[in-house]
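[1] Sequence first, predicted coordinates after that:
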Amino acid sequence: MNRFQALALAALSAAGVAQAAEFSTLEERMNRSEFTAAGLDRLSPEQLKSLNDWLRVHGLAPGAPVATGGSRNGVVEFYPDDNDRQAFEAHIEGRVDGWLGKTTFKLDNGQVWQQAESGMRTDLGLNSPAVRIKPMLLGSWLMYVDGCGCSLRVRRIK
C-alpha cells in the first residue's frame, strides 16, 4: 500500500463506521484522475475489493461531522454534515471574474463558500453564474461553474 492509500485509509477511519446499505465504492466516489492520482488504479481487483470492504466497515458514516479545515486556538472546527452531503445548485451573487486562492463566493441561497485549493483563474467575467456543488471524498466539496466548464474545491464558511 502506498502513501496515498494509507492516508486515505487513516482519514476515513477517523470518521467513524459507515452503514453498508449506503456505501459507495471508491470507484463511485472518486473521478478517474483522483483514483489514478491516489494510485488506486495499480491495485489488483482483489486488493481494491479488500480496500472497499474495509471502507464499508470503517468509512464515513452518513450524518457524521465533517472538518471544515478551519481551526480556532489550534482546535479543528466541525460542523454537522451540510444537507446530508447532497449535491445542490445555486447562483453566485454578482460578477465572478475568477478566483485567487482564498476567494469567497456568496450564493443566492445565503450560503458562503470559500476556495479550498491553491490556484487562480482570472479570465471568467461571468454575471451571477449558476453553480453545482457536490460532495467529494474525505469531506471535501467541488463547485462546478456554468459558463466556463471549470470547477474548484470549496469549503462552506457560512
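    Nice, thanks for sending it over.
[2] any idea where the strands of the protein begin and end?
    Listed in chain order, the strands of the chain (DSSP state E) span 66-72, 75-79, 88-91, 95-96, 104-106, 112-115, 126-127, 130-135, 141-145, 150-156.
[3] so which of the ones you listed gets nearest residue 50?
    For residue 50, the closest of the strands of the chain is strand 130-135, at 24.5 Å, according to Cβ to Cβ. C-beta coordinates here come from the backbone N, C-alpha and C atoms, glycine included.
[4] so what does the closest one touch, helix or strand wise?
    Using 3 or more Cβ pairs under 8 Å, 6 or more residues apart in numbering; DSSP states H and E as the contact test, the elements touching strand 130-135 are strand 88-91, strand 141-145.
[5] For it, which strands pair with it and how are they oriented?
    Here strand 130-135 has these sheet partners by DSSP bridges: strand 88-91 (antiparallel), strand 141-145 (antiparallel).
[6] what does it contact?
    Residues outside strand 130-135 that contact it (Cβ atoms under 8 Å, 6 or more residues apart in numbering): 85-92, 105, 107, 113, 141-147, 154.
[7] any idea how far residue 155 is from residue 136?
    Here residue 155 is placed at a distance of 11 Å from residue 136 (Cβ to Cβ, to the nearest Å).
[8] neighbour-wise, which of the two wins?
    Using other Cβ atoms under 10 Å as the criterion, residue 155 and residue 136 rank with residue 155 on top: 19 against 14.
[9] my read: that one touches residue 113, true?
    Yes. The pair residue 155 / residue 113 is scored as a contact, 6.8 Å apart, by Cβ atoms under 8 Å.
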